[in-house]
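Take a look and give me a structure for this.
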Amino acid sequence: MLQSQLQSIVEKFAVSATVSTIRPLGSGLINDTYLVVTEEKDQPDYVLQRINHEVFPDVDTVSYTHLRAHETTLHL
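Alright, predicted model coming up:
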């Protein structure tokens, strides 16, 4: 994916810092994963992941399941 496309996608999220670089993270076989590095040291970096629609055709269910798993983990 082109840097300009990745930057455009990141801009759709509430990233509160200046993005310095976006680079591939790992070498997954199913999804594409990127590390979004920010310039400010007091701001977090982010992970951006593209879900493979051929493997996971129902993205809404995947997102919901991920959210529920995260909420459950918070209560353990």
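
Could you check the lengthiest helix in the chain and say which residues are buried?
Among the segments of the chain that qualify as a helix by DSSP state H, the longest is helix 59-74. Within helix 59-74, no residue qualifies as buried by neighbour count (16 or more other Cβ atoms under 10 Å). Using the backbone N, CA and C atoms, a C-beta is placed for each residue, glycine as well.

likewise stretch 20-40?
For stretch 20-40, the neighbour count (16+ other Cβ under 10 Å) marks 22, 32, 34, 36, 38 as buried.

Take these and write them to JSON lines, including pLDDT.
Putting the buried residues of stretch 20-40 into JSON lines (pLDDT from 0 to 100) gives the following:
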{"residue": "22", "pLDDT": "96"}
{"residue": "32", "pLDDT": "88"}
{"residue": "34", "pLDDT": "95"}
{"residue": "36", "pLDDT": "96"}
{"residue": "38", "pLDDT": "96"}
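
Save those as TSV, and put in secondary structure too.
As requested, these are exported to TSV (DSSP: H, G, I helix; E, B strand; the rest coil):
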residue	secondary structure
22	strand
32	strand
34	strand
36	strand
38	strand
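
quick one, phi psi at the closest residue to residue 37 other than its chain neighbours?
Using Cβ to Cβ, 6 or more residues apart in numbering and skipping residues adjacent in sequence, the residue nearest residue 37 is residue 21, 4.6 Å away. In terms of degrees, to the nearest 10, the main-chain angles of residue 21 are phi -150, psi 150.
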